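Student: just a sequence and a predicted model for now, questions to come.
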Amino acid sequence: MPDDTLNVSHFLVTGDPLIYGADVSIVVVSIAIVAVLTYYRKWGWLWREWLTTVDHKKIGIMYMIAALLMLFRGGVDALLMRTQLAFPNMRFLKAEHYNQIFTTHGTIMILFMAMPFIFAMMNIAIPLMIGARDVAFPYLNAISFWMFFFGAMLFNLSFVIGGSPDAGWTSYPPLAESEFNLGPGENYYLLALQISGIGSIATGINFFVTILKMRAPGMTLMRMPLFCWAVLATSVLIIFAFPVLTVALALLLIDRIAGAHFFTMLGGGNPMMYINMFWIWGHPEVYIVVLPAFGIFSEVVATFSGKRIFGYASMVASLMAIAVISYFTWLHHFFTMGAGPGVNSFFALSTMIIAIPTGVKIFNWLATMYNGRVRVTVPMKWALGFIPNFAVGGATGVMLSVAPADYQYHNSYFLIAHFHQTLIGGVVFGMLAGMYYWWPKMFGFLLEERYANWGFWWFNIGFYVCFIPQYLLGFMGMTRRIYTYPTGMGWSTLNLISTIGAFMMGLGFLFIAAGIVYSIFYGERDTTGDPWNGRTLEWSLPSPAPHYNFARIPVVTSRDAWWTMKEERKQGVLPPGRDELRPIHMPKNSGRPFILSLSFFVAGFGLVFHWYILTVIGFAAVAACLLLRSFDYDTDSYIPVDEIKKTEASYGRS
Amino acid sequence: MKCKSARWYRVLPAGAACLMLSGCTREQFLVFNPAGPVGKIEMHLVILSMVLIGIVVVPVMLILWYIVHRFRDRPNNRAPYRPEWSENRTLEFIWWGIPIIIIGILAVNTVRDTFRLTRPPEPAGKPLTIHVTSLDWKWLFEYPDQKIATVNYCYIPTGRPIQFVLTADAPMNSFWVPQLGGQEYTMPGMAMRLWLQADKPGTYFGSGANFTGRGYAHMKFDVIATSDPEFSQWAAKVRQTAPALTRSGYTQLVKQSVVGRMSFSSFPPGLFQEIIMREGGMYMKHDISVLDNKA
């Protein structure tokens, strides 16, 4: 077992100006938050309206804010790395720091930025799109969010307490085993991912059930908006993939804290097992984050072309095909591990095949715009920027799938450029499109266009300036994860250009953030609830939607239900006689998800430093929360008709 | 403004690419400058796949530009507007079909070459075996036939297939010499075979490609290809002039450090097999069979 004695100088990371800067900013921001909340007497409001909420709309908003903050943190990591790589033999970061930063950059961007961003969009839109009043398990939904939140907090804490993980976001043994990696950083990684992973699995189950069981009458599966199909596919992927990660992380943790030998060669274990398990989760994971983006693009492209989505059945089929095939491609992450030509050929082919349904989706988006009326609004800009971006990213993916050629790309900057192009061009573009698209539905005002346009152009152009040079660097033999490089290889110019591109993207992010702040004060109010001339049910509601979403559950007769209702109204077809309002059954708020997740955080923090008493206290609190929930029968209530009438009247509806 | 910026956005990547290319010479694109048959096979696949994906990607860009231009929502746009048009069997048949054909062509080539690269490259001279061990943070090369060893560089004869047998006495790394061919992992307790060959003399850049911690960025090495007689001369010289690698010398070498080039006139017999067995090879007997069959 590793030595678990500790002294203070190990506990608080010392001796580096970056860390001291982080220390100061954490303390200052914390004091500022506490002061503002106290001065304006907002503590009660924070607890009642946000920390205890089970409302999917508010949970979605919290996910989105967290994702944007993590995008900022991961983006700063990226800029630090690009600064270090701007010139050969730079002395801006030491190897130790660079290794920590690329590890946290990858982990944060995938698990604490992309994941909460898709969960944000799912939470905000899915119940509204299918005509439901909340998700199937609202209380579990709150647990999911707080598990993610405290997992992310635990991970970020490592920067100032104990030191960050530095074995890469993939955390391969033996490098991640205690033999080579003593510090607490690796424990932070394992426990933070474990805690937030529990939340992710719960979200997958929640949305799977929500979409299958909570649709409004008349909304058959084939009348669902494509975003719902995408989220259904993603949920299935989460349910099957995340448990594999949970097991892999748990076994590695047992190796590290209890001296087991699951992944050490000496003692009969095998590190290749971890690598396989990691990617059996890891490959579906990239589709987990990109499928919802595909769903958002389908909604955005159809809405802003004023036209039905082209080839709906094909779109559904390709989503499902991608979901299934994505389970049979994981080995392409390590063609170079010597699995033999038969195995490599199988995984090369399965990987190429996944490009076929993906290509079909791109053609169908193009055909959706064809014969339409394309309104180039901000969400549509992100969708239009996505198409060429993802076409190239997907195409280089096909290049990577050619196993013998992959021996030349593997772990080179070609690979780095490829997956950033799919994850930024696909996921980040998708989530930003979704954010601009549904923002009025969340907050009741639109995001101002000028800032948003500047943000889009800087980010989009900066993307190409940053990553196209990296493809070339890969061909020149530059490998990933090196903190410095020599002169004379011809890498210097391209690296400098790439760094300039990264800062352009950073500037783009600042414009986006500034646009949000500006719009909070001056944004155009959305009084109609349907600012984009939308097609799906969420636009039939006022903005922001009332607590209970639908006063009367709508009856769906076709795809694009809200569009059809509007068309019928135009043609003078009267909507069928409406039912009387009835009391609405809603879940009650609860503080227990917050406390439960906080307890997990405490237990996890104890495990990181081998403080077993703290761990036991944390798990005891977890057990207490679970028990209390079991004996809690006061979990729901009815909103009386009078209150519904009053709320609807305040929106000018009846 | 919108229209202008749209054009700007298309021109910029192309301009940037020209700018970049002007700064570097063709020789520096190592993958496109192969020095042997393995690298050539891989380069041909890279080019083939680029051409094939270009068949899809380029039209997508053009069609996108055309559609957004033609169907833009402007007051006087006379283009047809058919909001209910959403099905067309023929079109869908085409764009399911074309990718399937392209992937089919690529698949055939991929499978053929995947199998081809597991055999010694042709035309085959007499193969030479080199045992490679990745350490923290250096590369050890042992020549079982010449009975010499080097660190961070190795000589190979041109025109002969080289059988690199790879292992690690440190976290997993990856052995990559781009101009000779693609990489393969070096893993503790395992022996893996990688066939490479140089057809022309030269010094080829090699590096570790899988992250192994603090000194990883410095794990570079050179592969120097010379004619067969020159190679023999070099080996003889090392045998006569260099010090021997002892067991305690190896123990020092395994410790974490970054070092320059080293040469050794001999190494403890059976060292390579010992490393593999000690690091877990005893659990993976079938995996070190590569050591038995002398190529």
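Tutor: Looks like it came in fine. Everything numeric here is computed off the predicted structure, so don't read it as measured data.

Student: show me where pLDDT drops low in the chain?
Tutor: Going with chain A. For chain A, residues meeting the criterion pLDDT under 70 lie at A:1-10, A:14-15, A:575-577.

Student: not quite, go with chain B.
Tutor: For chain B, the stretches with pLDDT under 70 are B:1-24, B:123, B:285-289, B:292-295.

Student: isn't B:Ile276 right up against B:Met192?
Tutor: No: using C-beta atoms under 8 Å, B:Ile276 is not in contact with B:Met192, being 10.4 Å away. C-betas here are computed from N, CA, C, even on glycine.

Student: those two: which has the busier surroundings?
Tutor: B:Ile276 (27 against 21; other C-beta atoms under 10 Å in any protein chain shown).

Student: please tell me how far the residue in chain A that chain B sits nearest to sits from A:Tyr522.
Tutor: Residue nearest to chain B within chain A: A:Tyr407 (2.1 Å; C-beta to the nearest C-beta). Distance from A:Tyr407 to A:Tyr522, counting by C-beta to C-beta, to the nearest Å: 55 Å.

Student: looking only at neighbour counts, state which of those two leads.
Tutor: Shown here are A:Tyr407 and A:Tyr522; by other C-beta under 10 Å, A:Tyr407 has more neighbours (26 against 9).

Student: residue contacts, that one?
Tutor: The contact partners of A:Tyr407, by C-beta atoms under 8 Å, 6 or more residues apart in numbering or on different chains, come to A:Phe335, A:Thr336, B:Glu42, B:Leu117, B:Gly181, B:Gly182, B:Gln183, B:Glu184.

Student: please, which helix or strand holds A:Gly397?
Tutor: helix A:378-401 (DSSP states H and E).

Student: mind checking how far that helix is from the chain centre?
Tutor: For helix A:378-401, the separation from the chain centroid amounts to 18 Å (computed by C-alpha atoms, centre = their mean, to the nearest Å).

Student: using CSV, write out every CA atom in that helix.
Tutor: Extracted in CSV, the C-alpha atoms of helix A:378-401 (Å, rounded to 0.1, in the frame of the first residue of the first chain):
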residue,chain,number,x,y,z
VAL,A,378,-27.4,33.0,-34.6
PRO,A,379,-28.4,29.4,-33.8
MET,A,380,-28.5,28.7,-37.6
LYS,A,381,-25.0,30.2,-38.0
TRP,A,382,-23.7,27.6,-35.6
ALA,A,383,-25.5,24.9,-37.5
LEU,A,384,-24.2,26.1,-40.8
GLY,A,385,-20.7,26.4,-39.4
PHE,A,386,-21.0,22.8,-38.1
ILE,A,387,-21.7,21.2,-41.5
PRO,A,388,-18.3,21.9,-43.2
ASN,A,389,-16.5,21.5,-39.9
PHE,A,390,-18.0,18.1,-39.1
ALA,A,391,-17.7,16.9,-42.7
VAL,A,392,-13.9,17.4,-42.5
GLY,A,393,-13.8,16.0,-38.9
GLY,A,394,-15.8,12.9,-39.9
ALA,A,395,-13.7,12.5,-43.0
THR,A,396,-10.4,12.5,-41.1
GLY,A,397,-12.1,10.0,-38.8
VAL,A,398,-12.5,7.7,-41.8
MET,A,399,-8.8,8.3,-42.6
LEU,A,400,-7.9,7.3,-39.0
SER,A,401,-10.0,4.1,-39.3
